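>>> The sequence and its predicted three-dimensional model are supplied below.
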Amino acid sequence: MKCRVCREPAVIDVRRHNANFCRDHFLRLCRDQVAKAIEDFEMIAPGERVLVAVSGGKDSLALWDILLDLGYEADGLVLGLGIGDYSDTSTAHTVAYAEAKGAKLQRIDLREAYDIDVPTAAHATRRVPCSACGLTKRHLFDEVARDGGYDVLVTGHNLDDEAAVLFGNVLRWQTDYLARQLPVLPAGDGFPRKAKPLVRLAERETAAYCVLQGIDYVVEECPMAAGNRHLGYKEALDSVERSSAGTKHAFYFGFLQRAADLFAAGVAEGQGKADLGRCARCGAPSTAEVCTFCRLVERSAGAEPVALRPRGGR
Amino acid sequence: MKVLLRNPRREVEVAGPISIVAMLDRLGFHRDQVLVIRGDTLVPGDAMLDDDEEVEVRPVISGGAR
C-alpha cells in the first residue's frame, strides 16, 4: 500500500475515501477534515475561547489535540463520573494528556462536588445509567462553559456517532430531535454555542489518529453502556458500510444538506426551548422551578452508593 | 504470533506468517472495525505478519448515549 499523497509506504487505508495514507499525511487529513468542519459550519471564530468536553476516550482527546494543533485556545473539562475503574482510568488518561501538552484542564468529581456518582444517581432516580450520565454531563458542561465565559463548547461526536443518532431518530421519527441534530447549535437562552468538529471523521480515524500521535486513551468501553440502543444502531450501519463504503457519510451529510432545514423550520429560534426560566437552585436554564440535574442531585445525594452493575443487570 | 485483544483484554496465539486480512478473518473481525497495532504504529491491511511478531487488534467502536 502506498500513500495517496507521497507514494511512501502507507500505514492505513480509508475505504470511504478509497485511499491509503502514510502517518504524516493521515494526520494532516484529520486536521484538514476538522478545519473544514469548523469553517463550513462556522463553529469557532478566530480568537474565541473553546471548552472541550473530554472523556479520556479517543474522540475527545483527538479533538483536543487537533484544536490545539490548529492554534485554538482550547481548555479541557473532565468529569469524575464514579463509574468504578473505568472513570478512574478515563480521568487518568485525560490528566496525563493535559500535563504532557501543558494544556489547561478543569476537573469536577461528582462525588466530591455533589455527593453522587452515576450508578447511584441512576438507581436513585430510576433512570437508565446512560440517561443519568447524559443529563449530568450536559448540565455541567453547559454550566462550566457559561460561568467560565467560553464562547463555544465542543464535543467529540464523530461521524459514526452522528449517523447512528440520525438513524435512531429517523427510525422513530423523532422530529424534535431531528430539528436539532446539527453540527453546531447557536448560543441562546443561557446555553453556550455547541459544536461537533469531528463530524467529518469516522471513529476508526480518530482512533488511528491517537495511535499515530502517541496519545493514550481509554480503550475499554463504559461498563454501563454495553448493549445500549446506540451501539446497536452503529452495528447496523457498520453492516451497510461494509458493503457500500461511504454510506454513513452520505446518510448524515445528505440529511444536513437536504432535510435538516425541513425539520428545523418547525422549531423556535435559539435552542428551541420555549418559556425557559431559571432553576431556583443553580440558576441554569430550566422549564421547571428546579432543573432536572438539581432534582437528580436532591434524590441521589446521601443515598447508599450502589455497586457498579453493567447495563441489563438491574 | 501473539495477538492482544481488548474488551476484554486477552491474548491469543495465531500461527504465522499470515496476512492481516486472513488473521482478522480467523479472529472474526472486519478490518473496518479494528486497528492492527504493532509497537507505536499501525499495520496496513496488505501486510504479512511473521510468526514471531506481537500485535494488538484494537476495536474502534465506542459510545453510550452522549
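Sure thing, it's come through.

>>> To what extent is the residue in the stretch 51-200 of chain A that chain B sits nearest to buried, counted in neighbours?
In the stretch 51-200 of chain A, no residue comes nearer to chain B than A:C130, which is 3.7 Å away by Cβ to the nearest Cβ. Glycine gets a C-beta too; all of them are placed from N, C-alpha and C. Neighbour count of A:C130, defined by other Cβ atoms under 10 Å in any protein chain shown: 21.

>>> Could you pull out the buried residues of the host helix or strand of it?
Element membership for A:C130 (DSSP states H and E) is helix A:129-147. For helix A:129-147, the neighbour count (16 or more other Cβ atoms under 10 Å in any protein chain shown) marks A:129-146 as buried.

>>> just stretch A:281-298 next, same as before
Across stretch A:281-298, burial judged by 16+ other Cβ under 10 Å covers A:A284, A:P285, A:S286, A:C291, A:T292, A:F293, A:C294, A:R295, A:L296, A:V297.

>>> pLDDT below threshold where in the chain?
If you meant another chain, say so; for now it's chain A. Along chain A, segments meeting pLDDT under 70 span A:227, A:266-274, A:309-314.

>>> wait, chain B
Counting by pLDDT under 70, the ranges of chain B that qualify are B:63-66.

>>> Point out the residues in it that sit beside chain A.
Residues of chain B lying close to chain A by Cβ under 8 Å from any Cβ of the partner chain are B:6-7, B:9, B:30, B:32-33, B:35, B:37, B:40-46, B:58-66.

>>> The helix holding A:C130 - contacts with which helices or strands?
In terms of contacts (3 or more Cβ pairs under 8 Å, 6 or more residues apart in numbering or on different chains; DSSP states H and E), helix A:129-147 is packed against strand A:49-53, strand A:73-80, strand A:105-109, helix A:118-125, strand A:152-154, helix A:292-300.

>>> Just name the most buried of these.
When the helices and strands packed on helix A:129-147 are scored by mean count of other Cβ atoms under 10 Å in any protein chain shown, the highest mean neighbour count falls to strand A:152-154 (a mean of 26).

>>> secondary structure class for A:T89?
helix (DSSP: H, G, I helix; E, B strand; the rest coil).

>>> Just give the nearest non-adjacent residue to it, would you?
Of all residues not flanking A:T89 in the chain, A:V218 sits nearest, at 5.2 Å (Cβ to Cβ, 6 or more residues apart in numbering or on different chains).

>>> I'd like to know how far the one you found sits from A:D88.
Distance of A:V218 to A:D88, given as Cβ to Cβ, to the nearest Å: 10 Å.

>>> Compare the two and say which one has the larger neighbour count.
Legend: neighbour count by other Cβ under 10 Å for A:V218 and A:D88, higher for A:V218 (22 against 15).

>>> Report the contact partners of that one.
A:S55, A:G56, A:G57, A:Y86, A:T89, A:S90, A:H93 (Cβ atoms under 8 Å, 6 or more residues apart in numbering or on different chains).

>>> Looks to me like it is in a strand.
No: read with three-state DSSP, A:V218 is coil and lies in no strand.

>>> and the helices and strands packed on helix A:129-147 as JSON lines, adding distance to chain B?
Shown next, in JSON lines, are these (distance: least, Cβ to the nearest Cβ, whole Å):
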{"stretch": "strand A:49-53", "distance to chain B": "9"}
{"stretch": "strand A:73-80", "distance to chain B": "12"}
{"stretch": "strand A:105-109", "distance to chain B": "17"}
{"stretch": "helix A:118-125", "distance to chain B": "10"}
{"stretch": "strand A:152-154", "distance to chain B": "13"}
{"stretch": "helix A:292-300", "distance to chain B": "15"}
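
>>> Reformat the ones you listed into CSV and put distance to A:Q174 next to each item.
Shown next, in CSV, are these (distance: least, Cβ to Cβ, whole Å):
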stretch, distance to A:Q174
strand A:49-53, 23
strand A:73-80, 26
strand A:105-109, 30
helix A:118-125, 22
strand A:152-154, 23
helix A:292-300, 19
